[in-house]
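>>> 3D model of this:
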Amino acid sequence: MVLDRDGGADVRDLPGLAVRWADCRFAFWNAIALNEVGTDATLLDERLGQAADIMRSKERPGFLWLFEDLLADDARAALEEAARRAGLVHAFPGTGMAGDLLPVPEPRHPDLTFERVTTDAHLLAYADINSRAYGCELADGRDGLAGSTLWKREVYAYLALRDGDPVACAATVEADGRLFVVLVATEPEHQRRGYGEAVTRKALYEGARATGLTRATLHATAAGAPVYPRIGFEPNSPMGFYALAD
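Below you'll find the model as predicted:
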């Protein structure tokens, strides 16, 4: 998805770090992840410093994605102080989730119809729902998705429509033998009505039907974490998203 946004994006695998940085306004396309198992406190200091240096070299802000269950016990205990030394601050929490849950039944909701994202207008609606749901400027979300061929052809992205108006969205994409759930959002005034869950089920249903895959993974925000176990996902690691302090 980062390369779809910019074919010249910084996409590389360094020792212990995966860099996926489009340097665009949409911060979720600007990411670095720690990916070693059993990272101890000494190595954590080194990796966080390296990640922060890369982030400082970029024009646009983004996040370090840190899966706490990859850390050794001493590193988890030292994480807050290590992040401070590196010049990083905790931006918001998340939860890694996975499940062998597909296929799911074809979803239905009495208020909604579903429409696959296939046009530029669909993409803009999808981007705007995410921007409003997560408190971003509309231009930020549009910079991440506008004009994408990948999202119109290879991502199983769906809008949930109420009385013809888009109110929620969700997508799945094939990744390393599983479906990855991405960019689930609901318009703020329509939240807590089951719309996000319904459109997520739709994206999973259509993705599984097209690919034959049965396993799915996702990164849940605090708001979404209670929803996904109802679909069949199980938490597997706490996550932290870190930004530069300066």
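>>> quick one: residues in contact with stretch 98-105.
If you take C-beta atoms under 8 Å, 6 or more residues apart in numbering as the criterion, stretch 98-105 is touched by 178-179, 201, 204-205, 208-209, 213-218, 231-234, 236. C-beta coordinates here come from the backbone N, C-alpha and C atoms, glycine included.
>>> which of those residues fall within helices?
Residues of these located in helices (DSSP state H): 201, 204-205, 208-209.
>>> where exactly do the helices run in the chain?
Taking DSSP H to define them, one finds helices in the chain at 2-5, 41-56, 73-86, 120-134, 138-145, 149-153, 195-211.
>>> including distance to residue 226, could those go into CSV?
Shown next, in CSV, are the helices of the chain (distance: least, C-beta to C-beta, whole Å):
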stretch, distance to residue 226
helix 2-5, 29
helix 41-56, 30
helix 73-86, 24
helix 120-134, 16
helix 138-145, 24
helix 149-153, 27
helix 195-211, 10
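>>> please report phi then psi for the residue lying closest to residue 40 once chain neighbours are set aside.
Nearest non-adjacent residue to residue 40, counting by C-beta to C-beta, 6 or more residues apart in numbering: residue 72, 4.6 Å away. Main-chain dihedrals, residue 72, degrees, to the nearest 10: phi -70, psi 160.
>>> so what's residue 72 scoring on pLDDT?
At residue 72, the pLDDT value in this model is 98.
>>> hmm, residue 41 and it touching each other?
Yes - the pair formed by residue 72 and residue 41 meets the contact definition of C-beta atoms under 8 Å, at 7.3 Å.
>>> what is the burial count for residue 81?
By the measure other C-beta atoms under 10 Å, the count of residues near residue 81 is 11.
>>> mind putting the ones in helices among the contacts of stretch 98-105 in a markdown table, neighbour count and distance to residue 112 included?
As requested, the ones in helices among the contacts of stretch 98-105 are exported to a markdown table (neighbours: other C-beta atoms under 10 Å; distance: C-beta to C-beta, whole Å):
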| residue | neighbour count | distance to residue 112 |
| --- | --- | --- |
| 201 | 23 | 11 |
| 204 | 29 | 15 |
| 205 | 20 | 14 |
| 208 | 20 | 20 |
| 209 | 14 | 19 |
